[in-house]
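My questions are about this predicted structure, shown below with the sequence.
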Amino acid sequence: MKNSVLLILALILIVAGFSGLILTNFSSLSFISPISKAQFKSEGERIFFTGSSSKRVIPFEGGPMWLRRMGGGCVSCHGEDGRGGIPVMMSNIVAPDITYDELRKEGMATDDIKKAIREGINEENETLSWIMPRWEMTDEELDAVIDFLKELSK
Ligand code: HEC
């Protein structure tokens, strides 16, 4: 007798728990989502820091295994200020400064920067190290990131 009361209580709790999740649109599980709920001032800033837009995780080719496992954005290698100078984790390559003004000074036009991000090819048609991921960004995502690299130049 006592057991069936406990069973019913347990069932009530489970149903209540699930309806709670449904009512909150599963947002209480959002800590599991790779898309960050953190607030960013712009889409470009979000991509730079998380490797995700507000809509999706941006796919990429290449890059180190840890990036694939743990996720991350440009910040993971080029640093918070985009000025690089730090060795990429588990490699012996130092990530370069990717602030917009600096890239322009090196002779990269905006289209060259986009090509480097998407295809890993620089303005001299050299193939970049495979440590630098090839980001499969849409034009909008790419423009947003470039805008943020301009922000970082300030
Ligand atoms: C896992 C580390 C890593 C991540 C993450 C990463 N990069 Fe890089 N990136 C590099 C390395 C290393 C190079 C230098 C490659 C070389 O010189 O062969 C580089 C080069 C570049 C260059 C070319 C710079 C130049 O002077 O030729 C650009 C532009 C760039 N990254 C932009 C980005 C952007 C934008 C993101 C985020 C969307 C990003 N990178 C994420 C490691 C990374």
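Structure's in. What do you need? Numbers count the residues shown, from 1 in each chain.

hey, let's count contacts and neighbours off CA atoms from now on
Will do.

Can you get me the centre-to-centre distance for the helix or strand where residue 5 lies and its chain?
Per DSSP states H and E, residue 5 falls inside helix 2-23. Centroid separation for helix 2-23 versus its chain: 38 Å, with C-alpha atoms, centre = their mean, to the nearest Å.

go on, stretch 47-61?
With C-alpha atoms, centre = their mean, you get 4 Å for stretch 47-61.

That stretch: which residues count as buried?
By neighbour count on 16 or more other C-alpha atoms under 10 Å, the buried set for stretch 47-61 is 47, 48, 49, 50, 51, 52, 53, 57, 58, 60, 61.

does that stretch come close to the ligand?
Yes - looking at stretch 47-61 against the ligand by C-alpha under 6 Å from any ligand atom, the contacts come from residue 48.

And that stretch, end to end?
Distance across stretch 47-61, first residue to last, is 16 Å (C-alpha to C-alpha, to the nearest Å).

Touching it from outside, list them.
34-36, 43-44, 46, 71-76, 80, 133-137, 141, 145, 148 (C-alpha atoms under 8 Å, 6 or more residues apart in numbering).

follow-up on the earlier one: check which element follows the helix holding residue 5 along the chain.
According to DSSP H and E, the helix or strand after helix 2-23 is helix 43-50.
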